[in-house]
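# Predicted model, plus sequence, below.
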Amino acid sequence: GTNRPVFSSPNSASRLTGGLWSPTRPGVLFLSKIDGSVDVWDLTDTSYRPSATLSLVPNEITYMQFLPRSTEVDEKEEAQAQQQREWQLLAVGDNVGSLHVFEISKAFSVPHTKEFEEA
């Protein structure tokens, strides 16, 4: 334990409203902002700027949640589980009460080879 962060981003032009770690990529962080965008930080790629900024909604993002993934799969569900690993959904709520669901790019959802070993 230390009193210093292991990572600090540069200041953003818009206030941050929340953040989530990717449930499938240990080095990817999603940060929501007041302007309706999400900064995607892939810390395995770069740590001095977001890897992408997704302009998702025209209002302040107040909530984000990834679709949970099942960890227990029997043989009948294996094909469905394999298909689910190919995509990732993110629910986004805004300050006017709207819900938006987005599919996350495979670049930010499918782990790289040995990524879990590096985390």
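Received, thanks.
# Who are the contact partners of the closest residue to L16 other than its chain neighbours?
Distances taken as Cβ to Cβ, 6 or more residues apart in numbering place L31 nearest to L16, at 5.4 Å, with adjacent residues excluded. For the C-beta atoms, the positions are set from N, CA and C on the backbone; glycine is no exception. Residues counted as contacts of L31 (Cβ atoms under 8 Å, 6 or more residues apart in numbering) are 9, 12, 16, 18-19, 38-41, 50.
# Do you know the pLDDT at L31?
What the model reports as pLDDT for L31 is 96.
# and if you look at the one 5 residues further on?
With respect to pLDDT, G36 scores 97.
# do the one 3 residues further on as well
D39 carries a pLDDT value of 96.
# try Q80
60.
# The one 3 residues further on now?
According to the per-residue confidence, Q83 scores 57 in pLDDT.
# The one 5 residues further on too?
Among the per-residue scores, Q88 shows a pLDDT of 91.
# Extract the C-alpha trace of stretch 100-119 and format it as CSV.
Output of stretch 100-119 as CSV, limited to C-alpha atoms (Å, rounded to 0.1, in the frame of the first residue of the first chain):
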residue,chain,number,x,y,z
HIS,A,100,-28.6,3.4,-24.7
VAL,A,101,-27.0,0.1,-25.4
PHE,A,102,-23.7,-0.1,-27.4
GLU,A,103,-21.7,-2.9,-28.8
ILE,A,104,-18.0,-2.5,-27.9
SER,A,105,-15.4,-2.9,-30.6
LYS,A,106,-13.5,-6.2,-30.6
ALA,A,107,-10.3,-4.2,-30.2
PHE,A,108,-11.4,-3.3,-26.7
SER,A,109,-13.3,-6.5,-25.8
VAL,A,110,-11.3,-9.5,-27.1
PRO,A,111,-8.2,-10.1,-25.0
HIS,A,112,-4.8,-10.2,-26.6
THR,A,113,-2.7,-13.3,-26.4
LYS,A,114,-1.2,-13.6,-22.9
GLU,A,115,-3.0,-10.4,-21.7
PHE,A,116,-4.1,-12.1,-18.5
GLU,A,117,-0.6,-13.3,-17.8
GLU,A,118,0.7,-9.7,-18.1
ALA,A,119,-2.1,-8.2,-15.9
